[in-house]
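Chemist: predicted structure and sequence below. I'll ask about it afterward.
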Amino acid sequence: VVRRGGTAEDVLWGVWSATELAGRWTETSLSGGFRGTMADRDLDAVVALFDYAAGFVDRLPHAGVEVFVEDLVAREIPGDSLAERAPDSEAVRIMTAHRSKGLEWDVVVVAGVQEGAWPDLRLRGSVLGTDEMVAKAAGSEHENPAAVSAALASQLLAEERRLFYVAATRARRKLVVTAVGGDDADERPSRFLAELAPGETGETVVDERSRWLSMSALVADLRSAVSDPTR
């Protein structure tokens, strides 16, 4: 492969195919147990190596295998990999709502459903006004810039609502949605919570150990403790 002028990715694939380890490690991985876990990690390492080789070829398409090996050996900090990794036994998957599309779990937690964060109605591309230009190029019926911005915000709200629906429907058995807010906090729960459970006001339990999880509430609690000689 090297003599034919193959890339580092081609050479790596040739070496991997010659080892005939793919079938053996896959069989061991499916058998489970400690050896299966080790095989999972070995396969993850190989996938990460191929992912790095693909990125290297994209950056330096005419570099030889020697350059790839030198670059790989010289790395001191491992680069981020987009390759999926096998979890160790039972695990919690943390991901964005976008990446959860098409997947399901028994229990799903949608955290931080706050107004201003979800929905996030900040217009994208505001520096150059690309959203407005795209809307006008598409033949928007609005001529007033304020009306164009309002129409874009409405579209963005609908997209955020669809994304929240995707996240909330990933649960097979149990869905947990978290938000904070109150008189002692600046945060407010998202409007989507009322849409998720219309008519449900929820129940709040407050005791002497309860505190809003916000900086202002913590500062207030610490000030009261400092000024109280009995605490």
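Modeler: Noted; the coordinates are in hand. Source: prediction; values computed, not measured. Numbers count the residues shown, from 1 in each chain.

Chemist: hey, let's count contacts and neighbours off CA atoms from now on
Modeler: Will do.

Chemist: got a list of what Gly112 touches?
Modeler: 177-180 (Cα atoms under 8 Å, 6 or more residues apart in numbering).

Chemist: ok, now with 7 Å
Modeler: 178-179 (Cα atoms under 7 Å, 6 or more residues apart in numbering).

Chemist: what count of nearby residues applies to Arg59?
Modeler: Other residues within reach of Arg59, judged by other Cα atoms under 10 Å, total 10.

Chemist: what residues of stretch 98-107 count as buried?
Modeler: Within stretch 98-107, the residues that count as buried by 16 or more other Cα atoms under 10 Å are Ser100.

Chemist: and if you look at stretch 33-49?
Modeler: 36-41, 43-44, 47-49.

Chemist: and the two most separated of the residues you listed?
Modeler: Gly36 and Leu49 (19.9 Å; Cα to Cα).

Chemist: helices or strands next to the longest helix anywhere in the chain in the packing?
Modeler: Secondary structure assigned by DSSP state H gives helix 33-59 as the longest helix of the chain. Helix 33-59 sits against helix 8-19, helix 21-31, with contacts defined as 3 or more Cα pairs under 7 Å, 6 or more residues apart in numbering; DSSP states H and E.

Chemist: as TSV, those with mean pLDDT and distance to Ala91 would be great.
Modeler: Compiled in TSV, those are given as follows (pLDDT from 0 to 100; distance: least, Cα to Cα, whole Å):
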stretch	mean pLDDT	distance to Ala91
helix 8-19	88	29
helix 21-31	88	17
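
Chemist: for Ala168, find the nearest of the ones you listed.
Modeler: Taking the helices and strands packed on helix 33-59 one by one with Cα to Cα, helix 21-31 is closest: 31.4 Å.

Chemist: quick one: low-confidence parts of the chain?
Modeler: For the chain, residues meeting the criterion pLDDT under 70 lie at 1-5, 76-89, 123-149, 182-185, 198-214.

Chemist: before we move on, the earlier item: the helices and strands packed on helix 33-59 into CSV, with extra columns for distance to Val166 and mean neighbour count?
Modeler: Formatted as CSV, the helices and strands packed on helix 33-59 follow (distance: least, Cα to Cα, whole Å; neighbours: other Cα atoms under 10 Å):
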stretch, distance to Val166, mean neighbour count
helix 8-19, 37, 15
helix 21-31, 31, 14
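
Chemist: dump these into a markdown table; add distance to Ala111 as well.
Modeler: Converted to a markdown table, the helices and strands packed on helix 33-59 look like this (distance: least, Cα to Cα, whole Å):
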| stretch | distance to Ala111 |
| --- | --- |
| helix 8-19 | 40 |
| helix 21-31 | 33 |
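
Chemist: wait, which of the ones you listed is closest to Val219?
Modeler: helix 21-31 (51.2 Å).

Chemist: chain center to that closest one, what's the gap?
Modeler: 29 Å (Cα atoms, centre = their mean, to the nearest Å).
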